[in-house]
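Engineer: sharing a model that was predicted from the sequence below.
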Amino acid sequence: MSRLFVFLPLALIALAAASCATTPQPTVAAPPPAISAPPAPGIAPEALVGRWGLAAYHRDADRARTIAAARGQCGHPYVIGRGPTGGVMMHIADAPQPTELRTKGGPDGRRYIGPEGPVGEPGDREILSFDGGVLTVRWLDPEIAGRYGTMVYVRCGAPGGTRRAPPPRA
């Protein structure tokens, strides 16, 4: 009989525990998925097509001097052309020929110029500023950024820019 007194309470405890485990729990609705912000708009390719003075800097303290140096390069401008499929023709790092690039907006509000594909890839350049007359970009790949620095393009013929003098008439 003493075994029954030991066994019976243990059986009742096991039965109670089993009934708790099978009791349906109230369902809680999952929170709605977070809505991500739409990507920032890229810059219209037409806004970049044209002749630009180009210079670069490695220290932010040199930015103003570099903008002035880029203006001085309008005598030998860097030409950004239209791409065959709607992008812009620019050089990628270490390439002798221009490649068609796209302006892209990221979900974080940043804007980029780079090859077709996702934003923020190592071959992309982040657009740090653009006011129509001065474009400042930095390569995302640290190794490339270390070599090329922060690049400043100044539109030739824009206020503060210089135009190339026409050739003398004979």
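Structural biologist: Cool, got the structure. Worth saying up front: this structure is predicted, and the values here are computed from it rather than measured.
Engineer: C-alpha only now, for contacts and for neighbours.
Structural biologist: Fine.
Engineer: double-check that Cys62 belongs to a helix.
Structural biologist: Check again: residue 62 is Asp, not Cys. Yes: under DSSP: H, G, I helix; E, B strand; the rest coil, Asp62 falls within a helix.
Engineer: what residues does it make contact with?
Structural biologist: If you count contacts by C-alpha atoms under 8 Å, 6 or more residues apart in numbering, Asp62 has none.
Engineer: same check on the one 5 residues further on?
Structural biologist: For Ile67, the contact set (C-alpha under 8 Å, 6+ apart) comprises 55, 152-154.
Engineer: okay, now the unreliable bits of this structure?
Structural biologist: Residue ranges of the chain with pLDDT under 70: 1-42, 158-170.
Engineer: neighbours of Asp131, just the number please.
Structural biologist: Number of residues near Asp131 (other C-alpha atoms under 10 Å) recorded here: 8.
Engineer: and it, how far from Ala47?
Structural biologist: Distance from Asp131 to Ala47, counting by C-alpha to C-alpha, to the nearest Å: 10 Å.
Engineer: next: Trp139.
Structural biologist: Distance of Trp139 to Ala47, given as C-alpha to C-alpha: 20 Å.
Engineer: who has more neighbours out of these two?
Structural biologist: A count of neighbours by other C-alpha under 10 Å puts Trp139 above the other of Trp139 and Ala47, at 27 against 12.
Engineer: return the residues in contact with the more buried one.
Structural biologist: With contact set as C-alpha under 8 Å, 6+ apart, Trp139 has these partners: 122-126, 145, 148-150.
Engineer: show me which of the residues you listed are buried.
Structural biologist: Taking 16 or more other C-alpha atoms under 10 Å as the criterion, what is buried in the contacts of Trp139 is 123-126, 145, 148-150.
Engineer: now these in CSV, with secondary structure and distance to Cys74?
Structural biologist: Formatted as CSV, the buried ones among the contacts of Trp139 follow (DSSP: H, G, I helix; E, B strand; the rest coil; distance: C-alpha to C-alpha, whole Å):
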residue, secondary structure, distance to Cys74
Gly123, coil, 26
Asp124, coil, 25
Arg125, strand, 22
Glu126, strand, 23
Ala145, helix, 23
Tyr148, helix, 19
Gly149, coil, 20
Thr150, strand, 18
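Engineer: closest to Ile43 out of those residues?
Structural biologist: For the buried ones among the contacts of Trp139, the minimum distance to Ile43 (C-alpha to C-alpha) is 11.8 Å, reached by Glu126.
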